[in-house]
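Trainee: structure, please.
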Amino acid sequence: MVRMRYKAGKSVYAPGGDQGIVSRHTLAVIVKNEPGVLARVIGLFTGRGYNIDSLTVAETDHEGLMSRITVVCSGTPMAIEQIKAQLGQLVPVKRVRDLTTFGAFVDRELALVKVRATGVERIESLRIADIFRARPVDSTLESFIFEITGTSDKVDAFIDLMKPLGLVDVSRTGVAAISRGATTHDDKP
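Mentor: Model (predicted):
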């Protein structure tokens, strides 16, 4: 699925001429875990007008002081290549991998979805949650909080179905992704 979020003629995402079609990419960026790294990575995007669809970051190697930043962004092939090249030039960045072009990968997102419902809407929200394998993690007489894990499309679909049933709040983690198979982040593309 390609998500286009731009104002015509005002964004680097707007395809013009031979720039190409806007597509969504998942980038895995391994960085030294030091103060200001996230701000520098984000500054690269904001300073050039690139939008971030999803951002997650966590330490992955406590002893080696390394963290993994997973960024989901959209752009033309030229814009994505420019993003990767500029990320690779930042001093604390050890490796940038475009999982979208590297090969098969698994991505998941977690969301907490609060639904205020009574009567028929309450029963329907439980039925839909069961279909999506979302589990209730909190319940009152007037509301549920569901935990759902899956692809962003699955989470979006669940949220869309909960809207008419009394959706009142959503908290999402952002995408976590990793390449499939025996390859590691350090393997050459």
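Trainee: show me where pLDDT drops low in this structure?
Mentor: Within the chain, the segments meeting pLDDT under 70 span 1-19, 185-189.
Trainee: hmm, who's touching the lengthiest helix in the chain?
Mentor: Assignment by DSSP state H gives helix 152-166 as the longest helix of the chain. With Cβ atoms under 8 Å, 6 or more residues apart in numbering as the test, helix 152-166 has contacts from 1, 54, 72, 107, 109, 111, 113, 115-117, 121, 124-125, 128-129, 132, 134, 143, 146, 148, 167, 170, 172, 175. For the C-beta atoms, the positions are set from N, CA and C on the backbone; glycine is no exception.
Trainee: helix, strand or coil for residue 82?
Mentor: Assigned with DSSP: H, G, I helix; E, B strand; the rest coil, residue 82 falls in the helix class.
Trainee: near it, how many other residues are there?
Mentor: Using other Cβ atoms under 10 Å, the number of residues around residue 82 comes to 15.
Trainee: what about it, distance to residue 73?
Mentor: 11 Å (Cβ to Cβ, to the nearest Å).
Trainee: go on, residue 153?
Mentor: Taken as Cβ to Cβ, the span from residue 153 to residue 73 is 17 Å.
Trainee: for the longest strand belonging to the chain, which helices and strands make contact with it?
Mentor: The strand that spans the most residues within the chain, counting by DSSP state E, is strand 105-116. Here strand 105-116 touches strand 143-150, helix 152-166, strand 167-172, strand 176-179, going by 3 or more Cβ pairs under 8 Å, 6 or more residues apart in numbering; DSSP states H and E.
Trainee: out of these, which is closest to residue 93?
Mentor: strand 176-179 (17.2 Å; Cβ to Cβ).
Trainee: now for the closest one, which elements pack on it?
Mentor: strand 23-32, helix 99-102, strand 105-116.
Trainee: list the neighbouring strands of that strand plus their orientation.
Mentor: The strands beside strand 176-179 in its sheet (DSSP bridges) come out as strand 105-116 (antiparallel).
Trainee: identify the residues contacting the very next helix or strand once past the strand it pairs with?
Mentor: Counting by DSSP states H and E, the next helix or strand C-terminal to strand 105-116 is helix 120-131. With Cβ under 8 Å, 6+ apart as the test, helix 120-131 has contacts from 115, 117, 134-136, 144, 146, 148, 158, 161-162, 165-166.
Trainee: so how do I select the buried members of these in ChimeraX?
Mentor: Here is the ChimeraX command that selects the buried residues among the contacts of helix 120-131 (16 or more other Cβ atoms under 10 Å):
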select :115,117,134,144,146,148,158,161,162,165,166
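Trainee: quick check: the two most widely separated of the contacts of helix 120-131?
Mentor: 135 and 166, at 18.0 Å, using Cβ to Cβ across the contacts of helix 120-131.
Trainee: could you measure from the most far-flung residue of the chain relative to its centre over to residue 165?
Mentor: For the chain, the largest distance from the centre (Cα atoms, centre = their mean) belongs to residue 119, which lies 34.4 Å off. Shown here: residue 119 relative to residue 165, a distance of 11 Å by Cβ to Cβ.
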